[in-house]
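1. Pasting the sequence and the predicted coordinates here, then a few questions.
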Amino acid sequence: MGGTFDPIHHGHLVAASEVQSLFDLDEVVFVPTGQPWQKAGKRVTEAEHRYLMTVIATASNPRFTVSRVDIDRPGPTYTLDTLRDLKRQRPDAELFFITGADALAQILSWKGVDQLWDLAKFIGVTRPGHELTDEGLPEDEVELQEVPAMAISSTDCRERVANGEPVWYLVPDGVVQYIGKYNLYRPGAGELQEV
Ligand code: ATP
Ligand code: MG
């Protein structure tokens with residue numbers, strides 16, 4: 001499951017857990033993006049903070065792991081490279097790429113879209129506020145899956161912190177504490193970098 005994870009929240013975790021169970025996956029690998037090309041010009045928190053929050057949020061689940069492939073690769077993150085790197089590390093694995101309805105709708109604009117289907121099966125999951133459709137996408141390569149509705153976004157979490165509002169129960173407790181410890185998402189905190 002790729003994402004900016006700025007910060008990781010319970011919407012990500014529920015989707016991952018649900019797909020793990022439904023497809024009987026051995027492992028769900030969370031892959032925080034390096035520089036997300038879709039968010040060029042927007043400000044994204046330092047990769048190391050996003051990586052560590054993802055580790056904190058997933059540490060207690062024996063089937064969840066976090067990969068550094070995207071944050072250690074220089075340049076913008078493309079899912080094609082992500083999947084190639086993961087495949088290189090796990091040559092015998094059958095890969096599934098978990099993506100929310102909003103990201104699924106963008107897939108046709110991704111780099112090397114035709115090659116993506118050979119590398120992984122795509123699981124598109126429901127997300128409140130977005131319509132889940134595989135229109136235009138190859139039928140055999142994409143599966144749509146309903147997951148428990150969590151109307152949470154990282155954008156909303158960041159805005160809440162900036163406004164001094166709570167994010168308890170939207171993100172894991174350890175992530176609330178990490179955000180506080182490093183003063184992330186507060187105006188003028190200086191932890192953001194332009195991508
Ligand atoms: P931002 O608001 O910064 O874009 P986000 O909440 O959309 O953050 P991302 O890191 O952009 O989180 O998303 C990573 C992946 O998780 C994407 O495929 C996205 O569609 C999916 N996702 C995010 N939030 C949810 C949710 N609440 N329910 C289901 N899928 C989600
Ligand atoms: Mg998003």
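-> Received the coordinates, thanks. Ligands and ions are numbered 1, 2, ... in the order given.
2. ranges for the strands of this protein?
-> 2-3, 28-32, 35-36, 43-45, 64-66, 76-77, 96-100, 121-125, 142-145, 192-194 (DSSP state E).
3. could those strands be laid out in JSON lines, adding mean pLDDT, distance to ligand 1 and mean neighbour count?
-> Placement of C-beta: from N, CA and C, glycine included. Formatted as JSON lines, the entries for the strands of the chain read as follows, by pLDDT from 0 to 100; distance: least, C-beta to the nearest ligand atom, whole Å; neighbours: other C-beta atoms under 10 Å:
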{"stretch": "strand 2-3", "mean pLDDT": "97", "distance to ligand 1": "3", "mean neighbour count": "23"}
{"stretch": "strand 28-32", "mean pLDDT": "98", "distance to ligand 1": "8", "mean neighbour count": "24"}
{"stretch": "strand 35-36", "mean pLDDT": "79", "distance to ligand 1": "8", "mean neighbour count": "19"}
{"stretch": "strand 43-45", "mean pLDDT": "91", "distance to ligand 1": "8", "mean neighbour count": "18"}
{"stretch": "strand 64-66", "mean pLDDT": "98", "distance to ligand 1": "13", "mean neighbour count": "19"}
{"stretch": "strand 76-77", "mean pLDDT": "92", "distance to ligand 1": "11", "mean neighbour count": "20"}
{"stretch": "strand 96-100", "mean pLDDT": "98", "distance to ligand 1": "2", "mean neighbour count": "22"}
{"stretch": "strand 121-125", "mean pLDDT": "97", "distance to ligand 1": "5", "mean neighbour count": "21"}
{"stretch": "strand 142-145", "mean pLDDT": "96", "distance to ligand 1": "10", "mean neighbour count": "16"}
{"stretch": "strand 192-194", "mean pLDDT": "57", "distance to ligand 1": "12", "mean neighbour count": "12"}
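4. Please render these as TSV that adds distance to Asp173 to the earlier fields.
-> Supplementary listing: the strands of the chain in TSV, determined by distance: least, C-beta to C-beta, whole Å:
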stretch	distance to Asp173
strand 2-3	20
strand 28-32	18
strand 35-36	26
strand 43-45	19
strand 64-66	16
strand 76-77	28
strand 96-100	23
strand 121-125	24
strand 142-145	28
strand 192-194	24
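5. And those strands: which comes nearest Tyr51?
-> Ranking these by proximity to Tyr51 (C-beta to C-beta) places strand 28-32 first, at 5.1 Å.
6. Can you name every helix or strand that that closest one contacts?
-> For strand 28-32, the elements it packs on are strand 2-3, helix 10-22, helix 47-58, strand 64-66, helix 69-72, helix 79-89, judged by 3 or more C-beta pairs under 8 Å, 6 or more residues apart in numbering; DSSP states H and E.
7. For Tyr185, which of these is the nearest?
-> Closest among these, using C-beta to C-beta: helix 47-58, at 10.2 Å.
8. Show me the contact partners of that closest one.
-> Contacts of helix 47-58 with the rest of the structure, by C-beta atoms under 8 Å, 6 or more residues apart in numbering, involve 4-8, 12-13, 30, 32-34, 44, 64-66, 68, 71, 171-172, 174-175, 178-179, 182, 184, 191.
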